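Asks: give me a model of this one.
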Amino acid sequence: MSLVEENELRAVTGISEIERARISDFLQGAVYCWCKNKPKEWFSLRDLMGGANFDWRGTPLQPLFLKHEGVNEDPTKEAGKDCGWLLKSVIANDRRVFDTKKEELTRKYLWMSGDGDT
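Replies: Numbers count the residues shown, from 1 in each chain. The predicted structure follows:
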């Protein structure tokens, strides 16, 4: 099922347009690396960022963590949700074709084909 058919995209608030662009570029780079190195493997945000112990400091993703720090009991979890929505937008706007599925509340993607084939 295509990403557009699967479900909606949501806007992430509380960050600037510059921060959003930097985060999107960062995520797009991670997607390109994954597709180049593991073209037949499903991936999630957690896979791209190295797991649950990802350190947000010094990355373009840090504003998402800071947005939730001191406001939410688990800022990493809430920032991860925002980051997941941004990743979904990156994937939806990619010129390549991806399949998507949800496994145990985790959105996963698989590169199928499209422009920029590696």
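
Asks: what's the distance between G14 and E41?
Replies: Remark: distance between G14 and E41 (CB to CB, to the nearest Å) = 32 Å. Placement of C-beta: from N, CA and C, glycine included.

Asks: correction: the previous question concerned L86.
Replies: The gap separating L86 from E41 is 21 Å, by CB to CB.

Asks: looking at these two, which one has more neighbours?
Replies: It is L86, of L86 and E41, that has more neighbours when counted by other CB atoms under 10 Å, with 23 against 12.

Asks: what residues are up against that one?
Replies: By CB atoms under 8 Å, 6 or more residues apart in numbering, the contact list for L86 reads 12, 20, 23-24, 27.

Asks: can you pull up the most central residue in the protein?
Replies: Geometric centre of the chain, nearest residue: L87, 2.5 Å, by CA atoms, centre = their mean.

Asks: which strand or helix spans that residue?
Replies: Using DSSP states H and E, L87 maps to helix 75-93.

Asks: give the buried residues for the helix or strand following that helix.
Replies: Moving toward the C-terminus from helix 75-93, the next helix or strand (DSSP H and E) is strand 96-103. Neighbour counts over strand 96-103 (16 or more other CB atoms under 10 Å) mark 96, 98, 100 as buried.

Asks: CSV for those, including pLDDT and distance to W111?
Replies: Below are these laid out as CSV (pLDDT from 0 to 100; distance: CB to CB, whole Å):
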residue, pLDDT, distance to W111
R96, 92, 6
F98, 95, 6
T100, 93, 11
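
Asks: so where's the chain uncertain?
Replies: The model of the chain has pLDDT under 70 over residues 1-7, 52, 114-118.

Asks: can you pull the buried residues of the top helix by length along it?
Replies: What stands out as the longest helix in the chain, according to DSSP state H, is helix 17-37. Buried residues in helix 17-37, defined by neighbour count with 16+ other CB under 10 Å: 19-20, 22-24, 26-27, 30-31, 34-35.

Asks: which of those residues lies closest to T76?
Replies: I23 (15.5 Å; CB to CB).

Asks: wait, the closest one sits on L61?
Replies: Yes - contact criterion CB atoms under 8 Å: I23 and L61 qualify, at 6.0 Å.
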